[in-house]
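J.: next input, structure requested:
(2 chains)
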Amino acid sequence: DSGVTQTPKHLITATGQRVTLRCSPRSGDLSVYWYQQSLDQGLQFLIQYYNGEERAKGNILERFSAQQFPDLHSELNLSSLELGDSALYFCASSVAPLNEQFFGPGTRLTVL
Amino acid sequence: GESVGLHLPTLSVQEGDNSIINCAYSNSASDYFIWYKQESGKGPQFIIDIRSNMDKRQGQRVTVLLNKTVKHLSLQIAATQPGDSAVYFCAESQGAQKLVFGQGTRLTINP
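T.: Residues are numbered from 1 along each chain as shown, chains lettered A, B, ... in the order given. This is a model prediction of the structure:
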């Protein structure tokens, strides 16, 4: 158990819908990272927050957004969902940027 | 450009043998590299990391080698056990905090 929690574990929804994935980092970690893992793309970095502020951005679509709250938990919002958005979404946390990242168990999103 | 890739998508070894998983990177400015292990149905798990001012780092049964001249990274697992079966990813940090992951190598242990 990495100490990073993600909810929900599984999510099934329809195209065009909007979902919110939630992540609680390890106690004491200030950085939160979001990744998408699909069969054909591997692990893709989406976005990083540090102590509530966006720190780095990767291949995140405009339909996706995220934020980190004062209590350091983070949410990833996915809207206007498409079939291709079906993937595993992982959250990771670290004490500080460039430190070892601890990954959560992931949320499996299925868009039908 | 930025890319991290793996030489082999799959690797099968006999239990007890040593495993070597390779990774090539293209950004000579990368200064931090990590190996992750991902078991089926789980999130990636940190194995070992290395910074660019080192060329070798050892952990428990694992060793990471970094060759900056040819931009090559390898993970050596000694005395491979059934529990080592997983997909192994190398990742590269490029200046900022973004990690770029390779596609992964599936390691299978034969009894």
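J.: how about the residue most central in space within chain A, nearest residue that isn't a chain neighbour?
T.: Centroid check for chain A by Cα atoms, centre = their mean gives residue A:34 as the closest residue, at 3.4 Å. Using Cβ to Cβ, 6 or more residues apart in numbering or on different chains and skipping the chain neighbours, the partner closest in space to residue A:34 is residue A:46 (4.2 Å). Every residue, glycine included, has its C-beta placed from N, CA and C.
J.: can you check residue A:38 too?
T.: When the adjacent residues along the chain are set aside, residue A:38 lies closest to residue A:87, with 4.0 Å between them (Cβ to Cβ, 6+ apart).
J.: quick check: the one you found touching residue A:42?
T.: No - between residue A:87 and residue A:42 there is no contact under Cβ atoms under 8 Å: 10.5 Å.
J.: give me the more crowded residue out of the two.
T.: Neighbour comparison, residue A:87 and residue A:42: the larger count goes to residue A:87, with 21 against 18 (by other Cβ atoms under 10 Å in any protein chain shown).
J.: quick one: contacts for that one?
T.: Residue A:87 makes contacts with A:36-38, A:41, A:108-109, as judged by Cβ atoms under 8 Å, 6 or more residues apart in numbering or on different chains.
J.: restricted to buried residues, select those in PyMOL.
T.: Here is the PyMOL selection string for the buried members of the contacts of residue A:87, based on 16 or more other Cβ atoms under 10 Å in any protein chain shown:
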select buried, chain A and resi 36+37+108+109
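J.: filter the contacts of residue A:87 down to the ones in strands?
T.: Judged by DSSP state E, strands contain the following of the contacts of residue A:87: A:36-38, A:108-109.
J.: looking at those, which is nearest residue B:18?
T.: Nearest to residue B:18 among the ones in strands among the contacts of residue A:87: residue A:37, at 28.3 Å, using Cβ to Cβ.
J.: now do the contacts for the residue nearest to that closest one when sequence neighbours are not counted.
T.: Closest residue in space to residue A:37, ignoring its immediate chain neighbours: residue A:88 at 4.3 Å, by Cβ to Cβ, 6+ apart. For residue A:88, the contacting residues are A:36-38, A:106-109, by Cβ under 8 Å, 6+ apart.
J.: need the distance between the two termini of stretch B:44-63.
T.: The first and final residues of stretch B:44-63 sit 18 Å from each other (Cα to Cα, to the nearest Å).
J.: hey, what's residue B:19 bridged with?
T.: Legend: beta-bridge partners of residue B:19 under DSSP bridges are residue B:77.
J.: just checking, it touches residue B:13?
T.: Yes - applying Cβ under 8 Å, one finds residue B:19 in contact with residue B:13, separated by 4.9 Å.
J.: more crowded one of these two?
T.: More crowded of residue B:19 and residue B:13, by other Cβ under 10 Å: residue B:19, with 21 against 17.
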